[in-house]
Each structure stands twice: as structure tokens, then as C-alpha cells.
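J.: model this:
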Amino acid sequence: MSNTEVQRGNVRTLNSGIKLNNKDQLEAEFKRIESAQQALLGISDLANTVNTMQEFYYGLHRHLKQLIPADNFYIALKNQDRLELPFFADEKDAHPSELYPDESLSDTLKRGLTGYVIRSQKPLLCDEEMAEHLEELGEIDNLGSPSHQWFGVPITHHEIVVGVLVVQSYRTEISYGSRDQELMVFISHHIAGVLERLRHQQQLELAIDQRTQELSHAYEKLKLEVYERRRAERLQRSLFEIADLATSNLEGSEFYAELHRVIGHLLPAQNCYIALLSEDNTQLEFPFYVSQLSKVPPKPRALKDGLVEYLIRSQRPMLLDQNGLQKLIHQGEIYSRAPDLNQTQQMKQWIGIPLMIQGSVGGALAVYSFSNDQKYQFKDMDLLTFVSQHIATAIERKYATETLKRSNEELEEKVIERTRELARANKDLQREISQRRKVELQLKHDASHDALTGLPNRMMFMARLQDTLSIHQRSTVGQFALLFIDLDRFKLVNDTLGHLEGDHFLVETSKRLGLCIREQDTLARLGGDEFVILLDHLHSIDDAKDVAERILAELAKPFNLNGKMFNSGASIGIAMSGRHNNETSESLLRDADTAMYMAKTRGKGCYVVFDEQSHQQLLRNISLENELRAALENCQIQLSFAKVESLHNSKEIARDVKLYWQHAEYGLISHEHLLNLAEQANMLLDLDRYTIEMLSSQFSSLALPSYTSLHLTISSQHLTHKHALRSLKNCLRNCQFPLDKLCLFFSELALARDNENHANGFEELRELDVNLGISSFGSGYSSMVTLSFLPISQLKLEPELAHGIRSTRHQRLLNALRLSAESLKIELIVDGVNSQTQVNTLKQMGFVAVQHQLQLEHFIAAEPQLN
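T.: Numbering: from 1, shown residues only. As a prediction, the model looks like this:
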């Protein structure tokens, strides 16, 4: 059924519910329905005709205002984890990026009603009272001017929320009803499809534009190459003419006039002269001279400190501008003893080339300019340097015929070599023309392939997958499989080694994946660190599993990135064809993606074959995330404590706070599983604040001795944004116990990744008298030098260090960490101790405090599969 037919059906449904009492009401309602029908049909046609998203947004806004009050209207879209605002119209407030310039637009939208709709995945009609209620609950921050009504509808694509459609009213006489809600929901369904179509179209257009630009650059390069070839031809002709002059019988002014004509073909030479030393090297003669300012050539004169004499002394070519000339004059190199020789005041540039005659400098060739429009370059100086050799050769001919002959032979050899170079250049030109044709073919290739790896891109892969699916649906012979591959540590490569090494990592990964498949199989890159493989003509699922195991083994080998060995891995989802009759290419890719996600949540570095049971388990895990929100609201998460003990007197000096959840179905859920679940649900900050509030309410019942403190490890996300840090500080200020009894610990890995935010956040937290520490220290992410600049008082070592204490190397490492901490006057706690043997060893090594491992396993009736 077409969009237009659906649209008309919706209008008929609206019409069927009308119960009117008189003719006027009937006519008014009929006009409203007719207007709604026209607007909805216009929106439907708009979705099929626009070429860009901006055209669609403006058209949508125009039609929407015909249906409901929509002067205040905007669309928010998700781009991975960020929110964007491609269209915004508001009669009262400026754009959010102007209202809140100190934070990113995405963060602003996430903490408002827009973010709430995306999280809840449900439409929301909200007035001022409801907005204040949501703010009190901590669900939103009330942003912008208060509105009478705010109505947002989620935009979904393949059951995933990809954006929000919002209208709002600032006036009490404008309100939204149920029919307005139906229209908004209907319109949101159209937007998702248009977004996907236009996004693919824009990606294709961008690829075509990029290749068009590359072709244009290649064309310009070809034009430059043609220009250089022509210039080379002119140079070749000039060389032949100079060679003829060197062997001609021309003498005196006629010889120099011809020489000047040849030079004029190579570069501007309106002002030029040749100066030669006399046979006794005591005078300068000027056999040739042309100038725009004077037609009288200089007379022979004795050697002084003129510019020509300076060039002959230097014995090297020179390119001087007016600043260079003045510098030589101020330094006393020229015209200090003979200032009357200085005729350089009006010169803009001067090129002087020494003339080598009979093995020594016997004169000079010079060209100069009086205009800024005529500028010489170093390549001109090099050209004159070359020409000067032939001029000197011609002059030497007058002195020795034998020398002239030898010079002619050298000239002939050079001309032959130049001719060969030109022939090779002409061949290169022909290859360039052929390459141009190849570029056109390459443009088509690149539109369907990944620019980085050269693999087929999403568009090409989906086309091949559809073709393969169609063939198998017709023949029903054999099976094929889809492998969805996600690299486990790609983000770590980018964060630690940089995006350039990240690209090298992706290229190397694509090569390794290519080694694991057959020629008939298709390997493609969908984007980022996601790859997909189409395995055709399989006998059973075992064939796909064998390929997956080869891939895991290949990617488990170390990568050499920037001279360092880096270990990676992958999570693979497998979807087999032929599981049901109505499968499509999109459903197969979705199933493989789902299986990959399940593999990643099972610990990464493995593969999972998609089946409905596992899919349902994934849905149950999502449901468990929602139950966690309810558990926090109902205070069902309880506190437990790990003992921190002094090795001097075995007294409990601190209690490390742990959480557990007594679930009605899964039994006791441990602290580690709670953290994993909260991280997946993006609730780590909520869980930390909940823990602090529970500590505050239960502090009096703990009956802590005066020498016993509380330890709490929280997420570093509190320090990455000022709003999160402000919320944490407010939560701490509301505590009903002295904050100097509390020590907050942050992960060493997070500190190494974002040292600046941690340093700033620590300074603000110390103003509340709360103590600070670093947990999981010793993993190699940071050094003691870094810690010396931070206001921390305690360190907790990585538990794995305690587990390997029997190793001599581990003991040396522990001892080094202890000495470093003592030098910085930082209390060091060994975490993860679970035996008396470990306690005795650590005590002998000089450690003063340990934290015992909390044993909750015997309370756990049935550990849930928290993925």
C-alpha cells in the first residue's frame, strides 16, 4: 500500500469518529478534515520528491503548520551517541548552542526533554507542571523559556529511536489534543524512512563530488605537465640556437645581439649586460649592454668595489632584490670606495652569473628589472647559469680552437641527453592521458568501495547480499552465512595511538580477514571498526564456525602499531540463511548484528550464532536494565562492605563499599555484575549517587569507630562534564556524616586517558574536605610523577598484583610501588587479598594495609546472564 493510500485511510479513520449535532459544525469539521487530508498528502509526496534533508525539513514545517500550531518546531537526530539539531524554529528562544555556548549541543539536548523522550522511547506531552516534576526527579534539566505545552514524538527506524520530532506552545490558548498527537506520530513514521533514503543519497553524492574533485586535480596536474613539456621544448630549441651561435662565425656586437635574442626567449631580458676581465685582470670591459634607462654602454674601467667585482670574487650565481643590494652596501661589500658606480637605486631584482673562461672566473652575465611586475625566480638563475656556460664557451673559441671543439662535443652530448629526457617525458605524457581514462573508471569503483581499505562498502555489500538471497530463494539449494565482525579494542587504539595508527590497524585487519575466506566470499567494511563477510555455498553451520575461528585466531595475533605490539580481538555474530520464509537482506544483517552484540557482552573474543532463544535472552537483559532503574527508585540495591585492615595491629581501618541486588528471579546479583549492567544502561552516575545517598542514610547504623573510614570507588564520568561534577558535589554536600570520613577512588585507566579533567575535578572535590584516591593502580597506565601533582592521599593496587605475589618479579614490582608511595607520603593499600599467606608475605615486605576480597559467591543462588 502506498503512503498516499495510508494517508487517506488515516483521514477516513479520523472522519469516522465525528459526531456532530448541526450543519455548521459538520461543515467546519469537513473543512478541517479536508485541510488535514491535503496537508498529509503533501507531506507524503514531499517525502518522495525532496533531494536534501533541509528541503524536507522546511517542507515538513510548512505542511505541519497547516495541521497544528507549529511555529515553535524542531527536529533532533541521533548521530551515533551524539544528538544534532538539523532544523530549529522558535519564536521565543535562540538556538540551544547560543543559549548554552559553554557545552556541546548534544549534551544540552540530552539533559532536557529531548533526551528524556529518546531514553523513554515514548511520545511525551508535557506542561510546565510535568516539566517541574521531571526536573525534581532528576530526569531532566529545565532548559530555555517555560512553555505552556511541549510535545515530542520519537522517530524510530527498525525499532530503534533515531531522533525526536517536537512542537511546543508558549501561549495558553494554544494546546495540543489527541488528534494532534496522532498526526505527530504519523509524521514521525515518514521521517525515519526519508532520513535513511536521503542519507544514503547524500553519502553517494559526497563520494561522487570527492572523486570529481580528484579528477579535476588530475586534470590540472596534466595541464601543468603539458606546460612543462612545452617549456622543455622551448628550452631545447634555445639550446640548439645557443649551440649554433657557439660555432658560428659571428663576431662582436652581432654575436651578442643574437645571444640576447635567445636569452629573451627563455626569460625577460630587457636589461642585460656582459662584463669581461681584461687579459691582465686589471680592467672590466662591457662588450654587450642594453638598458631601459640608458642606451649608452659603460666604458671600460679599472677594477673597484662594484657589484660585478663582488660577483667575480664570490664566484657563485646571485639573485638579489633591492633589500639584498642595500644590505651589501651597508655592510661595505660594494660601492664603499667608489660610490659613483652605484646605479642600482631603481633596480627591483638583479641576477648575476660568473663566466668561467679558461678554468677561472673571467667575467659576468647579468640581467635585471626596474618593475615589480617582472620578478625573477631561482629557476631563472639556474637557467642563466646553464646558458652562461655556453657563452663562456663561445668566448673561449676566440682564444683556443681546440677548447672550442671540446666544448662543442660536450654540448652535443648534453643535447642528446636532453633529447632522450624529452622523449621519455613524451612517453610519460601518453601514460598520463591513458591514466585519465582509468580515473573515470576508478571514480565508479570508489563510489562502491571503502576509501581506506578498498573493500566493498555498505551499499555494494547490501546489493550482493540481496542478489545472493534472491538466488537461494529461487533454487533452495545450499545455504549461505553472514558474519558480522566488530573489533574489540579499536577505540583504545584511536585514544592512545591516534587516528593515523587507527587507520593502519583497520587496513592490517582487512588484510588478515581476507586471508581467512575464499575468493568467492565477499568481505566488506560497513564503517568504523565493523566488517561483514558473506559466505556462499556452505554445507552446514560448521563451515561458518570454522571461518569464525580462523578469524579469531588471526586477529588474536599482535599488531605492530607505531613500533609497539598491540593485542586486539573481535566479536563475531553469525546468521544463517533459510531460517524462515520471509527473511530479507536487512533482517539477516540485523540478526548477525544482534549475534555480534551477544558475543561482545559474553566477554568478547568469541562468536555467537544467532538463534531466537539467544535473541530473547538479549531482550531479557534489556528488560533487566529497566528493572535496575526501578530497583534504584525503590531502594532495593543494598550495601555490603569489604574490610580494609592494618597489618600492624589487624584493626579495621576502613570499609570499602560494595553493592548487591537481591533479585526476585536471578537471586543475588554481585557488585561487579551491577557495575556491568549500569554501564550498559548508561546509569553509572545514577548508581554512584544512589550509593552515596544510601551511605548517608545508613551511616549512623554502621557504628564506625573513629579511626575507621569509608572507601567508595566511583566512575570518572563525574569529572568529564561540569554538570555531572556539580551534581556529585551537591550529593556530597547533602551527606549526613563528615566528608573527611569518606575517600573517593577513581580508576587509574580513566586518569591516564583524561588527566586534565581529573586534576581539575580533584581540586574542586578537595574543597569539600573529601579524601581522594586512585584504584587499580599498577596496571602501567600512569606514573608516580603524574600522581605527585594530584591532591590524592591513597592508592589501591590492581588486585592481580596480590594474586601473583608468589612471583619474584611481582614482589619486586610491589616493593618499587611501596617505596614510591612512601616517598610521596601516599597511603598504599593492597587490594584483592584472599589468603593468610598473602597477608604474611605483604607484612614481611613492609606493607601497612590490605583490602580483603569480598566473598559473596555462597549467597548467590543463580547468577543471571548479565551481558
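J.: low-scoring stretches of the stretch 351-500 of the chain, by residue?
T.: The stretch 351-500 of the chain contains residues with pLDDT under 70 at 397-406, 476-477.
J.: for it, what spans make up the strands?
T.: 360-369, 479-487 (DSSP state E, counting those that start in this stretch).
J.: Specify the local secondary structure of Lys223.
T.: On the three-state scheme (DSSP: H, G, I helix; E, B strand; the rest coil), Lys223 is labelled helix.
J.: if I look at it, how far off is Arg431?
T.: Distance, Lys223 to Arg431, using Cβ to Cβ, to the nearest Å: 16 Å. Quick note: C-beta positions are derived from backbone N, CA and C, even for glycine.
J.: do the same with Ile471
T.: On the measure of Cβ to Cβ, Ile471 and Arg431 end up 41 Å apart.
J.: all helices for the stretch 751-867 of the chain, in order.
T.: 755-766, 784-787, 799-803, 808-823, 836-845 (DSSP state H, counting those that start in this stretch).
J.: Ile471 and Arg431: which is more packed in?
T.: Just comparing Ile471 and Arg431: by other Cβ atoms under 10 Å the higher neighbour count belongs to Ile471, 13 against 10.
J.: for that one, what are its contacts?
T.: With contacts defined as Cβ atoms under 8 Å, 6 or more residues apart in numbering, Ile471 has no neighbours.
J.: Could you shift the numbering so residue one becomes 3, and keep it that way?
T.: Renumbered: residue one is now 3, and that last one reads Ile473.
J.: And the residue nearest the centre of this structure?
T.: By Cα atoms, centre = their mean, the chain has its centre lying nearest to His501, at 6.7 Å.
J.: re the thing from before, pick the most deeply packed of the helices of the stretch 753-869 of the chain.
T.: Among those, helix 801-805 has the highest mean neighbour count (mean count of other Cβ atoms under 10 Å), at a mean of 18.
J.: tell me what it is packed against?
T.: helix 810-825, strand 829-835 (3 or more Cβ pairs under 8 Å, 6 or more residues apart in numbering; DSSP states H and E).
J.: if you set the cut-off to 10 Å instead, what comes out?
T.: Counting contacts by 3 or more Cβ pairs under 10 Å, 6 or more residues apart in numbering; DSSP states H and E, helix 801-805 packs against strand 773-779, helix 810-825, strand 829-835, helix 838-847, strand 851-854.
J.: tell me the mean pLDDT over that helix?
T.: In this model, helix 801-805 has an average pLDDT of 83.
J.: repeat for stretch 277-292
T.: On average, stretch 277-292 scores 88.
J.: Am I right that Lys731 is in a helix?
T.: Yes: with three-state DSSP as the criterion, Lys731 is located in a helix.
J.: gap between it and Arg113?
T.: According to Cβ to Cβ, Lys731 stands 17 Å off from Arg113.
J.: Those two: which is more packed in?
T.: Arg113 (20 against 17).
J.: chain center to stretch 324-343, what's the gap?
T.: Here the centre of stretch 324-343 is set off from its chain's centre by 56 Å, with Cα atoms, centre = their mean, to the nearest Å.
J.: what does it rub up against?
T.: 300, 303-313, 315-316, 320, 322-323, 344-352, 370 (Cβ atoms under 10 Å, 6 or more residues apart in numbering).
J.: which parts of it are buried?
T.: Buried residues in stretch 324-343, counted by 16 or more other Cβ atoms under 10 Å: Leu327, Leu330, Ile331, Ile336, Tyr337, Leu343.
J.: Narrow the residues you listed to those in helices?
T.: Leu327, Leu330, Ile331 (DSSP state H).
J.: how about the strands in the stretch 503-652 of the chain?
T.: Assigned by DSSP E, counting those that start in this stretch, the strands in the stretch 503-652 of the chain fall at 524-529, 532-540, 561-563, 566-568, 572-578, 609-611, 639-648.
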